[in-house]
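**Q** After the sequence you'll find the predicted model.
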Amino acid sequence: MRANSVNKKALVEKSPAKADAVGANVSMPSKSPDSKRLEAWATEDFSKREDPFKLFEEWFADAQKKEPNDANAMALASVDANGMPNVRMVLLKGVDADGFVFYTNYESQKGSEILASEKAALCF
């Protein structure tokens with residue numbers, strides 16, 4: 001089953017500035033090249049990217065370097081007929097301009113829910 005992207009533009013909620021809960025001064029370690037790149041990604045408005053799937057491929061390549069065992073594990077959420085969410089872990093099998101690819105049985109609960117609602121959400 002192929003999960004198609006409803007809207008290929010990703011939305012980002014900007015996180016509030018970090019605050020120290022007790023008001024003490026906290027020194028931050030020096031930034032590595034990886035943390036600098038992650039910070040750049042975190043501050044970039046990637047909803048303006050022409051190809052968000054290309055950006056995902058960049059993120060996924062970094063994830064595979066850091067987590068060689070299950071970098072393709074993702075949470076897949078669907079809803080039942082009553083609108084109640086169901087979340088389970090599945091494996092990403094591919095990604096292209098048409099969306100994210102994972103395998104499921106059409107007769108399974110998740111397959112039935114996705115076919116009925118034509119909606120799903122992924123979280124890595």
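**A** Now that the structure is in, tell me what you want to look at.
**Q** What ranges does the chain have for its strands?
**A** Counting by DSSP state E, the chain has strands at residues 2-4, 73-79, 85-91, 94-96, 99-101, 121-123.
**Q** With Leu115 as the reference, name the closest of the ones you listed.
**A** strand 73-79 (9.6 Å; C-beta to C-beta). C-beta: built from backbone N, CA, C; applies to glycine.
**Q** helices or strands up against the closest one?
**A** strand 85-91, helix 109-117, strand 121-123 (3 or more C-beta pairs under 8 Å, 6 or more residues apart in numbering; DSSP states H and E).
**Q** Would you tell me which one of those is buried the most?
**A** Mean neighbour count, computed with mean count of other C-beta atoms under 10 Å, is highest for helix 109-117 among these, reaching a mean of 16.
**Q** remind me which residues of this structure are low pLDDT?
**A** Applying pLDDT under 70 to the chain picks out residues 1-44, 46.
**Q** By residue count, what's the longest helix in it?
**A** Determined from DSSP state H, the single longest helix within the chain is helix 52-66.
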